[in-house]
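A.B. asks: Predicted model follows, preceded by the sequence.
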Amino acid sequence: SPAPSRSRPADADYAGRTDDDAAAIAVSVRGGRAIAYFCDGRTQESWLKGDVEDDGALRLTGGHGAKLEGTLEDGKKIDGTVEVGGTRHAFTADRAKKPSGLWRATATVRSAKIDGGWIVLKDGSQVGVVTRDGEPSPAPRIDPGTGAVTIDGQRLTARPATP
């Protein structure tokens with residue numbers, strides 16, 4: 001008999017916290033690709049990307065040796081580990097429903113390059129970092145209904161981040 005065919009994991013977003021509650025993690029899956037964001041809400045963050053295998057395995061990589069290994073389970077959650085800054089964290093990220101998920105805004109404000117990342121969790125809480133010319137700091141809250149956020153006096157729009 002023929003081998004069962006595997007289908008590519010469905011497009012979806014996932015968000016949760018590390019098991020030690022030190023940080024949040026969000027993953028966006030689209031078309032067999034994934035982007036993930038790890039953030040402690042203060043100064044540590046990492047953007048990771050890579051492919052999602054047909055069996056749901058994720059092996060994502062980011063700057064400075066960051067890596068995420070996980071398994072997408074029945075389109076409901078991702079269980080795995082993420083290593084950032086030499087520290088390894090186990091995590092579970094549940095399937096997110098809008099406005100929960102991964103958000104990003106990039107702009108130039110007063111000649112400073114701004115890159116902001118936010119994870120909106122299912123309870124409405126937010127974890128984010130804004131980097132100004134390479135210097136990270138806690139991110140201001142975004143309006144998850146519109147993506148509106150004010151950074152250094154300028155109104156920006158954060159958008160759902162996808163691979």
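C.D. replies: That came in fine, so what should we check first?

A.B. asks: which intervals of the chain have sub-threshold pLDDT?
C.D. replies: In the predicted model, the chain carries pLDDT under 70 at residues 1-7.

A.B. asks: Specify the residue ranges that define each domain of it.
C.D. replies: The record's domain parsing of the chain by automatic domain parsing lists 12-95, 101-160.

A.B. asks: tell me the most buried of the ones you listed?
C.D. replies: Among the domains of the chain, domain 12-95 has the highest mean neighbour count (mean count of other CB atoms under 10 Å), at a mean of 18. All C-beta spots, glycine's among them, are computed from the backbone N, C-alpha and C.

A.B. asks: Start and end of that domain, how far apart?
C.D. replies: By CA to CA, to the nearest Å, the extent of domain 12-95 from end to end equals 7 Å.

A.B. asks: ditto for stretch 114-126
C.D. replies: 18 Å.

A.B. asks: cool, and stretch 61-77?
C.D. replies: End to end - CA to CA - stretch 61-77 spans 20 Å.

A.B. asks: Distance from the chain centre to it, please.
C.D. replies: 10 Å (CA atoms, centre = their mean, to the nearest Å).

A.B. asks: So which residues make contact with it?
C.D. replies: Outside stretch 61-77, the residues that touch it by CB atoms under 8 Å, 6 or more residues apart in numbering are 9-10, 12, 14, 16, 25, 27, 29, 36, 38, 46-50, 52, 56-60, 78-86, 91-95.

A.B. asks: show me where this structure has helices.
C.D. replies: Taking DSSP state H, the chain contains no helices at all.

A.B. asks: separation between residue 85 and residue 62?
C.D. replies: 11 Å (CB to CB, to the nearest Å).

A.B. asks: Residue 18 now?
C.D. replies: Taken as CB to CB, the span from residue 18 to residue 62 is 15 Å.

A.B. asks: next one: residue 97
C.D. replies: In terms of CB to CB, residue 97 sits 26 Å off from residue 62.

A.B. asks: can you check residue 129 too?
C.D. replies: For residue 129 relative to residue 62 (CB to CB), the value is 14 Å.

A.B. asks: Check residue 123 too.
C.D. replies: According to CB to CB, residue 123 stands 26 Å off from residue 62.
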